[in-house]
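**Student:** quick one: sequence plus predicted model below, questions after.
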Amino acid sequence: MDFWHLLNRGVDKRKIFMDNQDYLRFVHDLFQFNNQKNTNSNNYHYKKAIDIGCTDIYRKVERRLLVKIHCFCLMPNHYHLLVSPVVDDGIPRFMKKLNMGYAKYFNEKYDRTGALFQGKYRSVLIKADAHFLYIPYYIHFNPLDLYMPEWREGKVKNTNKALAYLEKYKWSSHVDYSGGCNFRSVIQHESLLDFFGSEEEYLNETGKQLKNFDESQVNSVALE
């Protein structure tokens, strides 16, 4: 199974999520557009996060996946995905639908025109085992840029506070690996959970990584 790290950011580094509804819409699109069939993203029916998290509404939707979404993180002006293609052209098909669909929604909502994203999405194949050991944590640690930016230098002094912040950050798949249920219907988490061993082991390793994270381990695949 090939793993790809994908990233895209707003044009001129502008915000692409202005409020919680925008984040929810993008999470919904991660689910809705991950389908080999044609889909209409306007047919969504949620009022709050739980509606696309762990309810049967979404679990019962039949899809033929384009990619497996292993983990994700949404930041104010960019997003990260770790995916594996299910079909040969799965990644470009999915990303075209995702970026175009969300940009259309965003431009209509905010009465704007023009490109929302800074060109085509960036992608890198995770080839080395050493990179694979770090990249899921790197993706899930990104919200700490808003709270403890020193994590990138391995200088987090209070790991409990950092972990508590990550548990409260709604717009990533971290909680779905740490024992909670956030957007479980969006991700295909079995492969990474097998790699981590268990939710408890994932949390233990997350704490260890936070204490001495070495960003140089992922520089070539971080895409920042």
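**Tutor:** Perfect, thanks for sending it.

**Student:** so after the helix or strand of the chain with the lowest mean pLDDT, what's the next helix or strand?
**Tutor:** In the chain, no helix or strand scores lower on mean pLDDT, DSSP states H and E than helix 56-59, which sits at a mean of 54. Next in sequence after helix 56-59, counting helices and strands by DSSP states H and E, comes strand 67-75.

**Student:** buried residues in the helix ranked longest in the chain, which are they?
**Tutor:** The helix that spans the most residues within the chain, counting by DSSP state H, is helix 90-109. The neighbour-count check on helix 90-109 (16 or more other CB atoms under 10 Å) flags 90-91, 93-95, 97-99, 101-103, 105-106 as buried. From N, CA and C alone the C-beta is placed, and that goes for glycine too.

**Student:** that one vs strand 67-75, what angle?
**Tutor:** 40 degrees (axes from the mean of the first three to the mean of the last three CA atoms, to 10 degrees).

**Student:** pull the CA atoms of helix 90-109 into PDB?
**Tutor:** What follows is helix 90-109, C-alpha atoms only, in PDB (Å, rounded to 0.1, in the frame of the first residue of the first chain):
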ATOM      1  CA  GLY A  90      -7.800   7.800  -7.300                       C
ATOM      2  CA  ILE A  91      -5.700  10.700  -5.900                       C
ATOM      3  CA  PRO A  92      -6.000  13.200  -8.800                       C
ATOM      4  CA  ARG A  93      -9.700  12.500  -9.200                       C
ATOM      5  CA  PHE A  94     -10.400  12.900  -5.500                       C
ATOM      6  CA  MET A  95      -8.300  16.000  -5.100                       C
ATOM      7  CA  LYS A  96      -9.900  17.700  -8.200                       C
ATOM      8  CA  LYS A  97     -13.400  17.100  -6.800                       C
ATOM      9  CA  LEU A  98     -12.400  18.100  -3.300                       C
ATOM     10  CA  ASN A  99     -10.600  21.400  -4.200                       C
ATOM     11  CA  MET A 100     -13.000  22.500  -6.900                       C
ATOM     12  CA  GLY A 101     -16.100  21.600  -4.800                       C
ATOM     13  CA  TYR A 102     -14.900  23.400  -1.700                       C
ATOM     14  CA  ALA A 103     -13.700  26.400  -3.600                       C
ATOM     15  CA  LYS A 104     -17.100  26.700  -5.300                       C
ATOM     16  CA  TYR A 105     -18.900  26.600  -1.900                       C
ATOM     17  CA  PHE A 106     -16.400  29.100  -0.400                       C
ATOM     18  CA  ASN A 107     -16.700  31.600  -3.300                       C
ATOM     19  CA  GLU A 108     -20.500  31.500  -3.300                       C
ATOM     20  CA  LYS A 109     -20.700  31.900   0.500                       C
END
